[in-house]
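Chemist: Predicted model and sequence follow; I will ask about them next.
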Amino acid sequence: VQTKRRALREIDLKFIDTTSKFGHGRFQTVEEKKAFMGPLKKDRIAKEEGA
């Protein structure tokens, strides 16, 4: 039997994402990751070398 208040709290779970193939399910696509993370250092370096 669980006795902690946290374990007794009722949750309203709507959706569990199990379709992701990247890492541990945080982002489904590379585009979604880029939109969340913003410009990365490696992207800036690649742009400077290409310009």
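Modeler: That came through fine.

Chemist: And the residue nearest the centre of the protein?
Modeler: For the chain, the residue nearest the mean C-alpha position is residue 26 (2.5 Å; Cα atoms, centre = their mean).

Chemist: Check the burial of residue 27 by counting its neighbours.
Modeler: Neighbour count of residue 27, defined by other Cβ atoms under 10 Å: 17. Any C-beta I mention is one placed from the backbone N, CA and C, and that applies to glycine too.

Chemist: Please apply the same query to residue 32.
Modeler: Using other Cβ under 10 Å, residue 32 is surrounded by 13 other residues.

Chemist: In which helix or strand does it reside?
Modeler: If you go by DSSP states H and E, residue 32 is part of helix 30-37.

Chemist: I'd like the average pLDDT over the following helix or strand past that helix.
Modeler: Going down the chain from helix 30-37, the next helix or strand is helix 41-50, by DSSP H and E. Mean pLDDT, computed over helix 41-50, is 89.

Chemist: Setting the sequence-adjacent residues aside, check what's closest to residue 36.
Modeler: What sits nearest to residue 36 in space, not counting adjacent residues and going by Cβ to Cβ, 6 or more residues apart in numbering, is residue 27, at 6.8 Å.

Chemist: So for the one you found, what's the pLDDT?
Modeler: 73.

Chemist: From residue 37, how far out is it?
Modeler: 9 Å (Cβ to Cβ, to the nearest Å).

Chemist: Residue 12 now?
Modeler: 29 Å.

Chemist: Do me a favour and average the pLDDT over the one helix or strand residue 6 maps to.
Modeler: Per DSSP H and E: residue 6 is located in helix 5-8. The average pLDDT within helix 5-8 is 80.

Chemist: Pull out the buried residues from that helix.
Modeler: Within helix 5-8, no residue is scored as buried using 16 or more other Cβ atoms under 10 Å.

Chemist: That helix: how far from the chain's middle?
Modeler: 26 Å (Cα atoms, centre = their mean, to the nearest Å).
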